[in-house]
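In: 3D, please:
(chains A and B)
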Amino acid sequence: MRHQNSARLSWFRTTLRGRIRAFIGALFVAAFAVSAASIAEPLATLRGETINQEPRAPMMGKQVNTDLRAVRNYPEQPPTIPHKTRGYAINLQANKCLSCHSRRAIEQSQAPMISVTHFMDREGQVLSSVTPRRYFCNQCHVPQLDAKPLVGNDFVDADAVIKAKGN
Amino acid sequence: MALLRSLNRPSRHFSLGFLTLGGFIAGIMFWGAFNTALEVTNTEAFCISCHEMRDNPYQELRETIHYSNRSGVRATCPDCHVPHNWTDKIARKMAATKEVWGKVFGTINTREKFQDKRLELAIHEWARFKANDSLECRNCHEYVYMDITQQSPRAADQHERLLANGEKTCIDCHKGIAHQLPDMSGVKGWN
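Out: The predicted structure follows:
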């Protein structure tokens, strides 16, 4: 009886082990099939290469330095910076942008003054100079690269939308 | 007193020829040694042999265009901080004895001490550049050598309007181009 019992148990065990083995085997087959498929048809990614290949780094873009103001795509868009800003410090110690764009500096620099909205604190109170929450210029204003966009974009200007509707 | 008397008296043991020629040769050797030693102190390697300079201004310089650029021209410490003209150079070297004092007594021997003293040190250099009309900038970037048409419109405008007539000098606008800026609140032109 005891013998019979243990025999039954061993039968059960082998079956369980066999099932696990079969399952693991199936996983391997599936994984192989998937990887084979991906080798045959590489995934289309921004990276442009499979994971085991090192893609060539794209050329460094040239910063736009024309000093010509660019169009704003929507009224609230922070204007882009039409000049180079290499090495411009914006930190606790100094703000290079303000040395030309602050209220008092523009007479000499003839640069556009930062908007008066930048003088307002969050209660709408207008301060005498830039408010701390607007201090870090390049959180919103960025220089531009003369480069092709990495991804497509179907943004439509508000005027174009209005025109399309025929209003 | 005896030394003074022997200095005043004509030589008893050495001929006039020996003294003249010997003095001349000794003069050449002294001058050569002096100048060589002076030139050694005028190298980047000498400047950054102290950790104060190596860890602070030098590390900051390495990120700027005066250290690394497309055409491979590099300005090292003495190019901007030591006048090239001999008399001015000697004057600057004499002033630099204060820096030896600072080194000995550890005035800026930590980053924190350096940061605390940065404004004072910067003001000295700005004043020196202002006084000599940014001579060390102009050794490479002289206004009359500039092709204004190759500059961006804002640069051309400012250089023509303010630099050409001597109203401004390089350092008035180009502060902190090779090192980080100190706390600029209160400095003219910075808000």
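
In: contacts and neighbour counts: CA atoms only from here.
Out: Fine.

In: gap between residue B:63 and residue B:50?
Out: From residue B:63 across to residue B:50, the span is 20 Å (Cα to Cα, to the nearest Å).

In: Outline the domain layout of chain A.
Out: For chain A, the domain assignment from automatic domain parsing gives the residue ranges A:1-57, A:61-167.

In: what about the longest helix along chain B, average pLDDT?
Out: In terms of residue count, the longest helix belonging to chain B (DSSP state H) is helix B:16-40. What helix B:16-40 shows for mean pLDDT is 94.

In: Please give the centre-to-centre distance between it and its chain.
Out: Chain-centre distance of helix B:16-40: 26 Å, with Cα atoms, centre = their mean, to the nearest Å.

In: After that helix, heading C-terminal, what element do we hit next?
Out: Next along the chain after helix B:16-40, taking DSSP states H and E as the criterion, comes helix B:44-47.

In: So which elements touch that following helix?
Out: helix B:77-81 (3 or more Cα pairs under 8 Å, 6 or more residues apart in numbering or on different chains; DSSP states H and E).

In: And the contacts of the helix it packs on?
Out: B:42, B:43, B:44, B:47, B:136, B:137 (Cα atoms under 8 Å, 6 or more residues apart in numbering or on different chains).

In: does whichever residue of chain A sits closest to chain B belong to a helix or a strand, and which?
Out: Chain A approaches chain B most closely through residue A:93 (4.0 Å), counting by Cα to the nearest Cα. Using DSSP H and E, no element contains residue A:93; it sits outside every helix and strand.

In: residues contacting it?
Out: Neighbours of residue A:93 in contact, by Cα under 8 Å, 6+ apart: B:181, B:182, B:183, B:184, B:185.

In: Now with 6 Å, please.
Out: Contact analysis of residue A:93 by Cα atoms under 6 Å, 6 or more residues apart in numbering or on different chains lists B:182, B:183, B:184.

In: which one of the residues you listed is nearest chain A?
Out: Nearest member of those to chain A, counting by Cα to the nearest Cα, is residue B:183, at 4.0 Å.

In: tell me the contacts of that closest one?
Out: residue A:93.

In: And residue A:22, by the same measure?
Out: Residues in contact with residue A:22 (Cα under 6 Å, 6+ apart): none are found.

In: That one: what secondary structure?
Out: helix (DSSP: H, G, I helix; E, B strand; the rest coil).

In: Check residue 46 and give its pLDDT.
Out: Since you didn't name a chain, this refers to chain A. 67.

In: My question was about chain B, not that one.
Out: 95.

In: Likewise for residue A:8?
Out: In the prediction, the pLDDT value recorded for residue A:8 is 51.

In: ok, now residue B:190?
Out: 84.

In: In PDB, could you pull the C-alpha coordinates for stretch B:67-80?
Out: The C-alpha trace of stretch B:67-80 is given here as PDB (Å, rounded to 0.1, in the frame of the first residue of the first chain):
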ATOM      1  CA  TYR B  67      39.700  76.300 -23.800                       C
ATOM      2  CA  SER B  68      38.000  74.200 -26.400                       C
ATOM      3  CA  ASN B  69      36.800  75.200 -29.800                       C
ATOM      4  CA  ARG B  70      36.600  74.200 -33.500                       C
ATOM      5  CA  SER B  71      39.800  75.700 -34.600                       C
ATOM      6  CA  GLY B  72      42.000  74.500 -31.800                       C
ATOM      7  CA  VAL B  73      43.200  77.900 -30.500                       C
ATOM      8  CA  ARG B  74      43.500  78.000 -26.800                       C
ATOM      9  CA  ALA B  75      44.000  80.900 -24.400                       C
ATOM     10  CA  THR B  76      45.900  79.800 -21.300                       C
ATOM     11  CA  CYS B  77      45.900  81.600 -17.900                       C
ATOM     12  CA  PRO B  78      48.800  84.000 -18.600                       C
ATOM     13  CA  ASP B  79      47.400  85.000 -22.000                       C
ATOM     14  CA  CYS B  80      44.600  86.900 -20.200                       C
END
